[in-house]
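Asker: dropping a prediction and its sequence here:
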Amino acid sequence: MSRNRNQPVTPGAKSALNNMKFEIANELGINDYANMDKGSLPSRVNGYVGGNMTKKLVAFAEQALQNGATPQVVQSAQLETPQTQGQSQ
């Protein structure tokens, strides 16, 4: 059973993010990543994929900001609300 409870900020983005993950894995030379048991891979391999995804997503956001899409980027960014002391999730 998966413990990951992360949800994409934009509804419908999950399939696009999965496609991006598989494309990046392929670019890194990890063939058939979509069908692999990720639990059997070293964390370093999965980290490379996730790290490169983050790097590419940040580059997309920076490019959008540079091209004047600030309102769209800000609107799509979900902000976390700070937790006060003694408050549990």
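Answerer: The structure has been received and is ready for your questions.
Asker: next, count neighbours for residue 10.
Answerer: 11 (other C-beta atoms under 10 Å). (C-beta placed from N, C-alpha, C; glycine too.)
Asker: now swap in residue 71 and tell me
Answerer: Neighbours around residue 71, by other C-beta under 10 Å: 8.
Asker: distance of it relative to residue 7?
Answerer: Applying C-beta to C-beta, to the nearest Å, the value for residue 71 to residue 7 is 23 Å.
Asker: swap in residue 41?
Answerer: When residue 41 is compared with residue 7 (using C-beta to C-beta), they lie 24 Å apart.
Asker: the more surrounded of these two?
Answerer: Neighbour count, other C-beta under 10 Å: between residue 41 and residue 7, residue 41 has more, with 15 against 10.
Asker: and that one, backbone torsions?
Answerer: In terms of degrees, to the nearest 10, the main-chain angles of residue 41 are phi -90, psi 150.
Asker: residues in contact with it?
Answerer: By C-beta atoms under 8 Å, 6 or more residues apart in numbering, no residues touch residue 41.
Asker: quick check: the gap between residue 9 and residue 76.
Answerer: Distance from residue 9 to residue 76, counting by C-beta to C-beta: 6 Å.
Asker: hmm, I was thinking of residue 39
Answerer: Distance of residue 39 to residue 76, given as C-beta to C-beta: 31 Å.
Asker: equivalent analysis for residue 38, please.
Answerer: Counting by C-beta to C-beta - residue 38 and residue 76 are separated by 27 Å.
Asker: now swap in residue 37 and tell me
Answerer: With C-beta to C-beta as the criterion, residue 37 and residue 76 are 32 Å apart.
Asker: and those two? Which one has more around it.
Answerer: Just comparing residue 37 and residue 76: by other C-beta under 10 Å the higher neighbour count belongs to residue 76, 13 against 6.
Asker: start to end distance for stretch 62-75?
Answerer: Stretch 62-75 has an end-to-end distance of 15 Å (C-alpha to C-alpha, to the nearest Å).
Asker: how about it: buried residues?
Answerer: Within stretch 62-75, no residue is scored as buried using 16 or more other C-beta atoms under 10 Å.
Asker: same question for it, mean pLDDT?
Answerer: For stretch 62-75, mean pLDDT is 80.
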